[in-house]
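> sequence first, predicted coordinates after that:
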Amino acid sequence: MDFQKSPQKKLLKQYYDVRRTTENICKRLEIEDYVVQTKDYVSPPKWHLGHTAWFFDAAFLLPLKCPTKQFHYFKNIFNSYYKGVGEHWLQSKRGILSRPTVEQTLDYRKNVDKSVLEILDHQDLDEEYLKIIELGLHHEQQHQELLYMDIKNILFHAPFHAPYEIDSLNQPLDFKTLIDSHFVVEEGVYEFGQSEGFYFDNEFPVHKRWITPFELTPSLVNEVEYVKFMEDKGYENPKLWLSDGWDWIQNHKINSPLYWNKTEEGWRVFTLTGWRRIDASYPVSHISLYEADAFARWSGRELPTEFELEHFFKSTGQKDYLWNWSRSSYEAYPGYRPYEGLLSEYNGKFMVNQYVLRGGCTYTPEAHYRPTYRNFYRAYDRWAFTGLRLCRRL
């Protein structure tokens, strides 16, 4: 295959690499793991494989009037939420489907890949189509991180808590920061957003905001620090919690982060490499916004805004092992314009009742480590790789 250095040929190589990475993530699974759905918000790995093929079929091949022959059969099943394409299978019911089989889904991917690679290799495409391919690759990389999140939940609910990987991910993580002391910012007008290179529509346009003076802790809150909050009856003190958060922990009997288990030897946490004891070398993870906010109140601090986090990551160049919760609601920037056509539903429709996270995590593809990247989840979500660092007003 000719991997020359023109923009289109670079995309061709990137396409090949990204698609293989997704499939390699799943290769460690048993065939039975591909079809399990443990929670309404967890998608079976088979569905991720099918949906990321469907995206290129619907957004790239269909506009070029050459969709795969399978598109007609799969356009409902593997459509996530694009109402403009038609009805789609409910997310909560993705796990009841034994068909298409895993083999049929992988065959669908091969057919999509064959068509896309053939076009990229032999046709000169207009810029609009190249941008669709580029967006599709970043979309697939988002699903690579989602795959790790969903696989972890699936394996956690197995009777034997089987580890996903037992070697390369089992090394202690180095949480040394790039700054030696607290990160202090003076008040002033600062610029936010992205306008160069690749960025999602919700990162644009670039604009300015007034920031009041603040201080951020250089490190994420670690597991031992969080245990102190728990031992101080943090989950039993309603004064620390937002009203919705208090109702949530009461209704769902929440008393620890997700994947934690109390034993006679103390707290343990389930990871993709199996169980381990809590450790101050690791930041607390898999917590909701409610839990992050309650811990911040208990500490006499608060959660930073998404713009304070953006300024922190821009200034330090730091890359985190967990997504940082912010106290900022997910909303459009002034002058926001969504993508056009099918892709107009990509981000904008979710700008309600969600909160922004910044940074990245261990399983975030390298291309997604941007200070301006805006991840978002609902306040009660915690199956993502989420953590927190603390903010103090000056």
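Yep, that arrived. Numbers count the residues shown, from 1 in each chain.
> and the strands in the stretch 101-250 of the chain?
Along the stretch 101-250 of the chain, counting by DSSP state E, counting those that start in this stretch, strands occupy 183-185, 188-192, 207-211, 214-216.
> for the third one, C-alpha coordinates in CSV please.
Spelled out, that is strand 207-211. In CSV, the C-alpha atoms belonging to strand 207-211 read as follows (Å, rounded to 0.1, in the frame of the first residue of the first chain):
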residue,chain,number,x,y,z
HIS,A,207,-12.8,33.6,22.6
LYS,A,208,-11.7,35.5,25.7
ARG,A,209,-12.9,35.3,29.3
TRP,A,210,-12.1,37.1,32.5
ILE,A,211,-10.5,34.8,35.1
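> list the contacts of it.
Contacts made with strand 207-211 from outside it, assessed by Cβ atoms under 8 Å, 6 or more residues apart in numbering, are listed as 185, 187-193, 307-308, 311, 333-335. Bear in mind the C-beta positions are built from the backbone N, C-alpha and C, glycine included.
> between these, which sits nearest P213?
For the contacts of strand 207-211, the residue nearest P213 by Cβ to Cβ is E187; the value is 4.7 Å.
> hmm, back to that, same list, the contacts of strand 207-211, but as TSV with distance to M149 and pLDDT please.
Putting these into TSV (distance: Cβ to Cβ, whole Å; pLDDT from 0 to 100) gives the following:
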residue	distance to M149	pLDDT
V185	32	96
E187	37	97
G188	37	98
V189	37	98
Y190	32	98
E191	32	98
F192	27	98
G193	27	98
F307	26	98
E308	26	98
H311	27	97
Y333	27	98
P334	32	97
G335	32	97
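> in ChimeraX, how would I select just the buried ones from those?
What follows is the ChimeraX syntax for the buried subset of the contacts of strand 207-211, where burial is set by 16 or more other Cβ atoms under 10 Å:
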select :185,190,192,193,307,308,311,333
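> and the closest residue to Y369 other than its chain neighbours, how many neighbours?
In space, Y369 comes closest to G360 once its chain neighbours are excluded; the distance is 4.7 Å by Cβ to Cβ, 6 or more residues apart in numbering. Neighbourhood size, G360 [other Cβ atoms under 10 Å]: 25.
> same check on the one 5 residues further on?
Neighbouring residues of P365 were enumerated by other Cβ under 10 Å; the total is 16.
> check L29 too.
19.
> could you number the chain from 8 rather than 1 from now on?
OK, 8 is where the count begins now, so the last one is L36.
> any idea where the helices of the stretch 108-257 of the chain begin and end?
Remark: helices assigned in the stretch 108-257 of the chain by DSSP state H, counting those that start in this stretch are 109-129, 134-163, 230-238, 250-259.
> include mean neighbour count, distance to R283 and mean pLDDT when you put those into CSV, please.
Output for these, formatted as CSV (neighbours: other Cβ atoms under 10 Å; distance: least, Cβ to Cβ, whole Å; pLDDT from 0 to 100):
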stretch, mean neighbour count, distance to R283, mean pLDDT
helix 109-129, 17, 31, 97
helix 134-163, 19, 14, 97
helix 230-238, 17, 10, 97
helix 250-259, 14, 25, 98
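> ok, G102 to H146 distance?
If you measure G102 against H146 using Cβ to Cβ, to the nearest Å, the figure is 22 Å.
> now do R377
Separation of R377 from H146 (Cβ to Cβ) stands at 15 Å.
> neighbouring strands - and their directions - for the helix or strand of the chain at the bottom of the mean pLDDT ranking?
The helix or strand of the chain with the poorest confidence is strand 281-284; it has a mean of 92 (mean pLDDT, DSSP states H and E). In the sheet containing strand 281-284, its partner strands are strand 273-278 (antiparallel), by DSSP bridges.
> residues near the nearest residue to I158 once chain neighbours are set aside, how many?
Here the nearest residue to I158 in space, its sequence neighbours aside, is Y171; by Cβ to Cβ, 6+ apart that works out to 5.7 Å. Y171 is surrounded by 18 other residues when neighbours are defined as other Cβ under 10 Å.
> what sits against Y171?
Taking Cβ under 8 Å, 6+ apart as the definition of contact, the neighbours of Y171 are R35, L36, I158, K159, L162, L279, T280.
> and if we set it to 10 Å?
The contact partners of Y171, taken as Cβ atoms under 10 Å, 6 or more residues apart in numbering, are 32, 35-36, 40, 155, 158-159, 161-162, 278-281.
> can you check E230 too?
Shown here is E230, whose contacts under the criterion Cβ under 10 Å, 6+ apart are 264, 267, 274, 276, 284-292, 394.
> please repeat the previous calculation with a cut-off of 8 Å.
Applying Cβ under 8 Å, 6+ apart, one finds that E230 lies in contact with W274, V276, I285, D286, A287, Y289, P290, V291.
> state the distance from the third one to S202.
With distances defined as Cβ to Cβ, the gap from I285 to S202 amounts to 42 Å.
> please apply the same query to the fourth one.
For D286, the distance to S202 equals 41 Å [Cβ to Cβ].
> quickly list the domain ranges of this structure.
14-163, 176-400 (automatic domain parsing).
> list the contacts of W253.
Counting by Cβ under 8 Å, 6+ apart, W253 makes contact with P245.
> poorly predicted segments of this structure, please.
Along the chain, the model assigns pLDDT under 70 to residues 8-12, 173-187.
> identify the residues contacting I294.
Counting by Cβ under 8 Å, 6+ apart, I294 makes contact with Y233, P264, L265, F302, W332, R389, T393, G394, L395.
> residues touching the third one, list them.
This points to L265. Remark: with contacts taken as Cβ under 8 Å, 6+ apart, L265 is in contact with H293, I294, R389, W390.
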